[in-house]
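> Show me the folded form of this:
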Amino acid sequence: MTGMLVIGLDAMDAGLARRLAGEGRMPSLARLLTKSAWAPTTNPDGIVVGAVWPSFATGRWPGRHGFYCFRQFVNGTYEIARRTPNDITPTPFWSTLSRQGRRVCVFDAPLSSLTADINGLQVIEWGTHDRMLPRAWSPGPLGDDLVSRHGAHPVQGSCDSYMRRGEHAELRDRLAQGMVVKTDMCLELLAREPWDLFLVVYGESHCAGHQFWGLHDPTWPDHDPGLVARVGDPLESTYEALDRELGRLIDAVDADTPVLVLLSHGIGPHHDGDHLFAEIVRRLDMASGRAPISRRVAEIARRRVDRIRREASRWRRPGDPPSRTTSVDGSRRVYPIPNNELFGAVRLNLIGREPRGRVAPGPESEELLSWLSERFLELEDADTGQPLVRRVLRVDDLYPGEMRDDLPDLLVDWRRDGPITSARSPLVGVLRGSYQGIRSGDHRPSGLALLRAPGVEPGPRSAPIDVVDLAPTIAARLGIELAAIDGHPRPALV
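Model prediction:
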């Protein structure tokens, strides 16, 4: 292969991976660090979890692709609906390469839908984390033969379900089996023809980070030393196993083939205040100006009618759009909306944007956003007095674009150095509650990109690389310029 090999390690934490490389436990990554140009990657701030891979694929920030969570507010309504990769409208860069005559293979790029008439092969949802679409591949004998011979990924159902059953070792082993099978499939494809772009992403590190952090981290509240004695550290063993597959892929291409490895974003302990956030926002909304009783009664009636309609819509024909599952209270001025738990997210009930808006755009909305930001920053631990919120981000400052109104208005960045079990402020009062989820690990924003290529000087780079710069950089190495995107090719990598 003389085109370009791109390998994604989804949510593999760069700090942990580099430590294991330094200890000789990830030798493939250690070799890359000496032979590659490498730098941290900057991912979408505040909505990092769901927006990383769409931003990578489209070369656009979320204000221009609109995707950040598996459940999002439906602009122009008061409904929250499930989102899938089919909702991402901008074109991924591999589709542009395909249309320009480049031969491409894209295997398990997260949050991707199937590209029609691709010049090559695409496989989606074979072994990605948190599958959102059915497993599928490009029509034709190449994909049909490959998937039928190798079958499905050994992890069946969600990673969460294994942990609920207490099957820690079973999940670890099935993840290891899955990555070996994926590499076998990729090696077959690499041997078939000289691809211009071969892109594969391993989702096993994403699953392992969520599920195994509590076994890896002795400070996790429910850390079980006895279980660790029986099964070891399954997070580190998953990283070591992925490093072996990384080595197999890199060894399969010639030394002149550019190789880009992306550790998409990090992982750490699941410490945040999301379990308290809805009640915090409700109390702040009441303090900011409660709606008249007549308006609240009318809103309750509307929501009951909407709920009946949603229940009826579950009995839909194949091909009909999915039902919208929940709604927010349209009598409020501000309400929380989903954001994968990492950052709290709120949205104003804005006149002209929402059907029954209560906050006027301009000075009134600016004043309310500033007031809410100050109130969030007042939150502290009720027992220690330690601040709970590090930053409050204004989405208008971060993500302009045609899809801006699909996003939240404010993002709340929690303190993450320990569990949050209480919140206190003058307006909120005191709230108590603990995180009850099954996932002990949650994401961290920064990733790591490594490029080994002829003419590229090895060693660390002082400036981070924006994730939206990777697509135009890859395309530029293949002689293609991407139009109408936010990213730019990095000359030192081209």
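> Residue ranges in the stretch 1-150 of the chain under the pLDDT threshold?
Counting by pLDDT under 70, the stretch 1-150 of the chain contains low-confidence residues at 1.
> swap the cut-off to 90 and go again
Within the stretch 1-150 of the chain, the segments meeting pLDDT under 90 span 1-2, 116-117, 130.
> which residue ranges form the strands in it?
4-9, 37-42, 71-73, 79-82, 104-107, 120-124, 136-137 (DSSP state E, counting those that start in this stretch).
> Pipe these into CSV and attach distance to residue 370 per row.
From N, CA and C alone the C-beta is placed, and that goes for glycine too. Compiled in CSV, the strands of the stretch 1-150 of the chain are given as follows (distance: least, C-beta to C-beta, whole Å):
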stretch, distance to residue 370
strand 4-9, 39
strand 37-42, 26
strand 71-73, 22
strand 79-82, 26
strand 104-107, 44
strand 120-124, 43
strand 136-137, 46
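> Of the ones you listed, which is nearest residue 365?
Minimum separation from residue 365 across the strands of the stretch 1-150 of the chain (C-beta to C-beta) falls at strand 71-73, 16.3 Å.
> contacts for that closest one?
79, 80, 81, 82, 83, 325, 328, 337, 338, 347, 406, 408 (C-beta atoms under 8 Å, 6 or more residues apart in numbering).
> hmm, back to that, winner for burial among the strands of the stretch 1-150 of the chain?
Of the strands of the stretch 1-150 of the chain, the one with the most neighbours on average (mean count of other C-beta atoms under 10 Å) is strand 104-107, at a mean of 26.
> Note down every partner strand of that one and its orientation.
Strands adjacent to strand 104-107 in the sheet, as given by DSSP bridges, are strand 120-124 (parallel), strand 197-202 (parallel).
> For residue 21, which of those is the nearest?
Residue 21 lies closest to strand 197-202 among the strands paired with strand 104-107, at 16.5 Å (C-beta to C-beta).
> Quick one: residues in contact with that closest one.
For strand 197-202, the external contacting residues (C-beta under 8 Å, 6+ apart) are 1, 3-10, 94, 97, 102-110, 127-128, 179, 182, 186, 189-190, 242, 245, 249, 474, 478.
> hang on, residue 26 packs against residue 241?
No: here residue 26 does not reach residue 241: they are 10.0 Å apart, not a contact under C-beta atoms under 8 Å.
> So between the two, which is more surrounded?
Higher neighbour count among residue 26 and residue 241: residue 26, with 27 against 24, using other C-beta atoms under 10 Å.
> quick one, what contacts the more buried one?
Going by C-beta under 8 Å, 6+ apart, residue 26 touches 17, 20, 239, 240, 243.
> which of those residues sit farthest apart?
Greatest spacing in the contacts of residue 26, by C-beta to C-beta: 17 and 240 (10.0 Å).
> out of these two, which sits in the more crowded spot?
Each of residue 17 and residue 240 has its neighbours counted (other C-beta under 10 Å); residue 17 has more, 24 against 15.
> Any figure for the gap between that one and residue 248?
The gap separating residue 17 from residue 248 is 17 Å, by C-beta to C-beta, to the nearest Å.
> coming back round to it: among the contacts of strand 71-73, which pair sits farthest apart?
Greatest spatial distance in the contacts of strand 71-73: 325 and 408, 18.4 Å, computed using C-beta to C-beta.
> Give me the more crowded residue out of these two.
A direct count of neighbours by other C-beta under 10 Å for residue 325 and residue 408 places residue 408 higher, at 25 against 14.
> ok so the more buried one is a helix residue?
No: assigned with DSSP: H, G, I helix; E, B strand; the rest coil, residue 408 falls outside any helix and is coil.
> Isn't it up against residue 340?
No: proximity of residue 408 to residue 340 does not meet the contact threshold set by C-beta under 8 Å, at 11.6 Å.
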